[in-house]
Structure formats: C-alpha cells, structure tokens
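Undergrad: Here is a sequence together with a model predicted from it:
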Amino acid sequence: MKMTSREYQRCNRCVMDTTDPNIIFDENGICNHCTEWFDVWETRIDKRPIEKVISEIKQNSPSRYDAIVGISGGIDSGMVAYLAKKHDLNVLLLHVDDGWNTNEAKHNVKTIVEKTGFDFEHVHVDEEEFGDITLSYFKAGVQGLEAVTDHLIVATLHEVMDKYGIKTILSGGNWATEGIMPLAWVYTQHDDKNIRSIHKKFGTIPLKNTKFLGILTKTWRLTRGGIKSYRLLNHINYNREESIKKLVEEWGWADYGRKHQENIYTRFVEAYIFPRRFGFDFRLAYYSPLICSGQKTREEILELLKEPPFTDEEIAREKQLFLKGMKITEEQFEEFMEMPIRSHDEFATHSRDQRIIGFMRKILRR
Ligand SMILES: [Zn+2]
C-alpha cells in the first residue's frame, strides 16, 4: 500500500495545523483544539469572582501561610503573586532554580520578593544530577524535553509545602492564555516512572538529591490529602500583555518577550530543537488560546508567525549558551539532533494507565 502524507491544513479559527498529527477538522475547517478550548471555558472552568476564592483560601489555611506560590520569573506566576498581595493573602514564595534562569528571570524573582515582602524560599536543584537526567533525555532520543524540569519543580513545591504545613497552591496555570497543547507535542510531567527509567538507562551518576513526586502520591495529595490548587488567573479577566504592562509600570518588571522565554533551556528547546528535530512550532499552541480568549486576532498572530522563532544571530548566541549549560560539544549536539526519535513508551511508564494521567489533568485544570 502506498503511504500518502496528509495534506497541510490550518484551522480557520485558531492557528493550529496538521503539524499536530492528531488534529481533526470539522466541515467548516475548525479544529478540535479551539473547539475544546471553548467547550472547557464555557462549561468547566471555575470563574467565580476572585474575592470569593480568596475568602475560601483564607478560611482553609492551617499554616501561618495561606498558600504557596511557585515563581519562575515569568508573567503568569508573577501576576499570581501580585494578586495575592493585592488581596492581602500571606503566601510563601518559592523559586526552584535549575541554573538556566535568564537575567530577566533573576531580576523578576528578586522584584516579586521585594515588592510583595512575602517570605521566600530559593531552592537550587542539584545541578549535576539535573544535568545528567536532562542529558539522558537527549541520549534516549525522546521528545518530552521539558518534562523533567516541570516534574522537579512540582515535586520540590510539594516538599516545601509539607515543611510548613501549607495546604494550598496558587498556580499560574490559566485557561485564557493556555489550554491548547497537542498531546503529540509534549510528554506529561506527571510520569515519574518514565523519568527514572530513562535516566536508569542513559544516566551516568546516581540520583541522591533529586526530588520526585509519584503520580499516585500526587493524585492522593490533591484529592483525599486535602491539598487544594487554585488558578487565580481564571478568576480575573486575565490578559497577558496588560499584565506585563502593569507589572512593568508598578514593579519595574523586566519584559523578557515571548512565553516561557525566561528560561534559557526552555527557550532553546521550544524555539530551535522542537521545530528542527520534531517538526512543529510550539508558538502555535501558545498563540491559539490568545485568539480564543480575544487577546489577539488571528491575523495578528499569522503576522507574528511569519517571523521565525529565532533569528540567525539568536540561534548562534543561544546555541552557545545551551551547549555550555549542557556541557556538550557542537558535534554531540548535532548527533542528538540527527538520531532516530524514540517514543517514551519504550521505557517504563505510567502512560499505559491513561486513566490516572487523564484524571490528573482534569483536577489540575480547574
Ligand atoms: Zn482551531
């Protein structure tokens, strides 16, 4: 049988396209991603007024802290800290430092701490172990190059919560600027088993200090364990650009540009490795919700997409930073870029139990 490649198609409402192999279009050329975005927004997102949510949080705080806020130096978590301060919550700020912060991120973390006056924990991951796990992902040839960082941040957050008896998480997650991400483009950060398995095969040093959070433990904590996670940005009319403007004016925030560009590793993976090695432009998933939530028009976004994610000069500069951070040579990097792509399922994984992962996504989406 002759294989024919799928004809290219882009959604008529958002900008998702057939670089997501699983995308489905209806008879009007509207895709499943934005259709689901609107469906979830209208039926499943908790949009109660923020004041109600704040008073609920205050009533349920057994610790001296009403909640914990993980700050990355990015705008979403920065805005959550801003709202916590404005609404007079007493939160503990946490920054999990993986060693890849840009100067803007460092500046913003410092700014949030100074401007809010909240207590602050700065946790450094074990950079040697973290580097060894990250490198093992490249050696394995898998795609989920962001899963490790995300997992370690959340595992650390839960550990710090226990240290202070904190029961509430204020997350920067939100539906207005997120909510579209093809499953084919990412690998779930909840799968601790997969991380350990990939590292076991390709890692070179034992993991002694790295924090993991098992998926069953995490599910238990967020349900019967009494840990609550709130997405404050769903309870305001969250607009990214306006929020950046506000924090620039009021706090002296450093605008680092596009989403997730506050981390050197993440921005190189998303802007260079994903398009070149895996054939998709991550910006489609970041921009599409902005169209759905009315923050940008489709035309504005199509205009932005005409520019490549990085200019040639940026690629040259960022690649050097990346190689230095990964402690690899250009030749090794090229080898990783050209090797066959391997599925995460070739390693031990929780993903065969889709029910748990699906359930986790659901409880975290609220
Ligand atoms: Zn669409």
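TA: Arrived safely.
Undergrad: His124: how many residues sit nearby?
TA: 13 (other CB atoms under 10 Å). Any C-beta I mention is one placed from the backbone N, CA and C, and that applies to glycine too.
Undergrad: Tell me who's in contact with it.
TA: Listed by CB atoms under 8 Å, 6 or more residues apart in numbering, the contact partners of His124 are Asp97, Gly99.
Undergrad: any chance you could read off phi and psi for it?
TA: phi -100, psi 130 (degrees, to the nearest 10).
Undergrad: could we number from 16 for the rest of this?
TA: Renumbered: residue one is now 16, and that last one reads His139.
Undergrad: Quick check: Trp190 touching Asn252?
TA: No - using CB atoms under 8 Å, Trp190 makes no contact with Asn252, being 11.9 Å away.
Undergrad: Extract the CA atoms of stretch 241-259 and return them as CSV.
TA: C-alpha atoms of stretch 241-259 as CSV (Å, rounded to 0.1, in the frame of the first residue of the first chain):
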residue,chain,number,x,y,z
GLY,A,241,-6.6,17.9,51.3
ILE,A,242,-4.2,19.9,49.1
LYS,A,243,-6.0,22.4,47.0
SER,A,244,-4.7,24.1,43.9
TYR,A,245,-6.3,27.3,42.7
ARG,A,246,-5.8,29.1,39.4
LEU,A,247,-6.3,32.7,40.4
LEU,A,248,-5.8,33.9,36.9
ASN,A,249,-9.0,32.1,35.8
HIS,A,250,-10.9,34.3,38.3
ILE,A,251,-9.9,37.6,36.8
ASN,A,252,-10.1,38.8,33.2
TYR,A,253,-6.5,37.8,32.6
ASN,A,254,-4.8,39.5,29.8
ARG,A,255,-1.1,38.8,29.3
GLU,A,256,0.0,42.0,27.6
GLU,A,257,-1.9,44.2,30.0
SER,A,258,-0.5,42.3,33.0
ILE,A,259,3.1,42.7,31.7
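Undergrad: what is the mean pLDDT for it?
TA: The predicted model gives stretch 241-259 an average pLDDT of 96.
Undergrad: in that stretch, what's buried?
TA: 242, 244-250, 253-255, 258-259 (16 or more other CB atoms under 10 Å).
Undergrad: which residues sit against it?
TA: 60-65, 68, 72, 75, 82, 90-91, 93-95, 98-99, 173, 176, 182-192, 236-237, 268, 270, 274, 305, 310, 378-379, 381.
Undergrad: among these, which are within reach of the ion?
TA: Among the contacts of stretch 241-259, no residue sits close to the ion (CB under 5 Å from the ion).
Undergrad: Drop anything exposed from these.
TA: Applying 16+ other CB under 10 Å to the contacts of stretch 241-259, the neighbour count classes 60, 65, 68, 72, 82, 90-91, 93-95, 98-99, 173, 176, 182-192, 236-237, 268, 274, 305, 310, 379 as buried.
Undergrad: Just these: which are in helices?
TA: Counted as lying in helices by DSSP state H, out of those, are 65, 68, 72, 90-91, 93-95, 98-99, 173, 176, 236-237, 305, 379.
Undergrad: Mind checking what helix or strand follows whichever helix or strand Phe337 is part of in sequence?
TA: Phe337 is part of helix 327-341, with elements assigned from DSSP states H and E. Downstream of helix 327-341, the next assigned helix or strand under DSSP H and E is helix 345-353.
Undergrad: That next one: which residues count as buried?
TA: For helix 345-353, the neighbour count (16+ other CB under 10 Å) marks Phe348, Phe351 as buried.
Undergrad: chain center to that helix: distance?
TA: Centroid separation for helix 345-353 versus its chain: 25 Å, with CA atoms, centre = their mean, to the nearest Å.
Undergrad: re the thing from before, what's next to the helix holding Phe337, contact-wise?
TA: With contacts defined as CB under 8 Å, 6+ apart, helix 327-341 is touched by 114-115, 146, 149-150, 153, 279-280, 282-283, 286-287, 325, 344-345, 348.
Undergrad: filter the residues you listed to the buried ones?
TA: Among the contacts of helix 327-341, those buried by neighbour count (16+ other CB under 10 Å) are 115, 146, 149-150, 153, 279-280, 282-283, 286-287, 325, 348.
Undergrad: Closest one to Val163 out of those, please.
TA: Thr149 (5.9 Å; CB to CB).
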